[in-house]
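Student: got a structure for you, letters missing:
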């Protein structure tokens, strides 16, 4: 069984402001004879395996970013941009907020992301291991929709 490295988030002060930083990037590798895991609910296995990651990118028509570190600034708590915001790159179900952070880091053009807890209706319709809805944005948008427990971050 393959073991995956955890996502490490560091907190650093940059220009007097505390930022969250994603570290310990894992370079994916492609193995053509391995079938991808269909990442309907995104977890770390989707992000660190080259085969799974490429499946996820193709499914959503995204390109990979070559960043290995990024700093994120908290824009809003309990509010996110609306689902019809023109800056949205996409949204997906994930196992936790760290997956949202790592996804934004690794998807070209992502400048901000939101992480919202799933409501009861979404949990019924989704896989059992999904706890979070991630929204990815190509620019920082106004956080206008109230969602208890949600966070909205921009990339520096």
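Tutor: Structure's in. What do you need? Bear in mind the structure is a predicted one, so any value in this text is a computation, not a measurement. Residues are numbered from 1 along each chain as shown.
Student: for the residue nearest the centre of the chain, which non-adjacent residue is spatially closest?
Tutor: Nearest residue to the geometric centre of the chain (C-alpha atoms, centre = their mean): residue 100, 1.9 Å. Nearest residue to residue 100 in three dimensions, chain neighbours excluded: residue 134, at 3.7 Å (C-beta to C-beta, 6 or more residues apart in numbering). Where you see a C-beta, it was placed from the backbone N, CA and C, and this is true even at glycine.
Student: gap between the helix or strand where the residue nearest to the centre of the chain lies and the chain center?
Tutor: Assigned by DSSP states H and E, residue 100 belongs to helix 97-106. Centroid separation for helix 97-106 versus its chain: 3 Å, with C-alpha atoms, centre = their mean, to the nearest Å.
Student: what is the rounded mean pLDDT of that helix?
Tutor: Averaged across helix 97-106, the pLDDT comes to 93.
Student: do stretch 48-68 as well
Tutor: pLDDT averaged over stretch 48-68 gives 86.
Student: show me which residues of it are buried.
Tutor: 48, 49, 51, 52, 53, 55, 56, 62, 65 (16 or more other C-beta atoms under 10 Å).
Student: how far away is the first one from residue 103?
Tutor: Pointing back at residue 48 there. 12 Å (C-beta to C-beta, to the nearest Å).
Student: quick revisit: what about the residue nearest to residue 100, distance to residue 94?
Tutor: To residue 94, residue 134 is 5 Å away according to C-beta to C-beta.
Student: and if you look at residue 77?
Tutor: 19 Å.
Student: so these two - more neighbours on which side?
Tutor: Shown here are residue 77 and residue 94; by other C-beta atoms under 10 Å, residue 94 has more neighbours (27 against 13).
Student: what is the helix holding residue 100 packed up against?
Tutor: Judged by 3 or more C-beta pairs under 8 Å, 6 or more residues apart in numbering; DSSP states H and E, helix 97-106 is in contact with strand 17-23, helix 44-48, strand 70-80, strand 88-94, strand 112-117, strand 132-137, strand 145-155.
Student: residue 127 contacts residue 39, correct?
Tutor: No. Taking C-beta atoms under 8 Å as the definition, residue 127 is not a contact partner of residue 39, at 10.5 Å.
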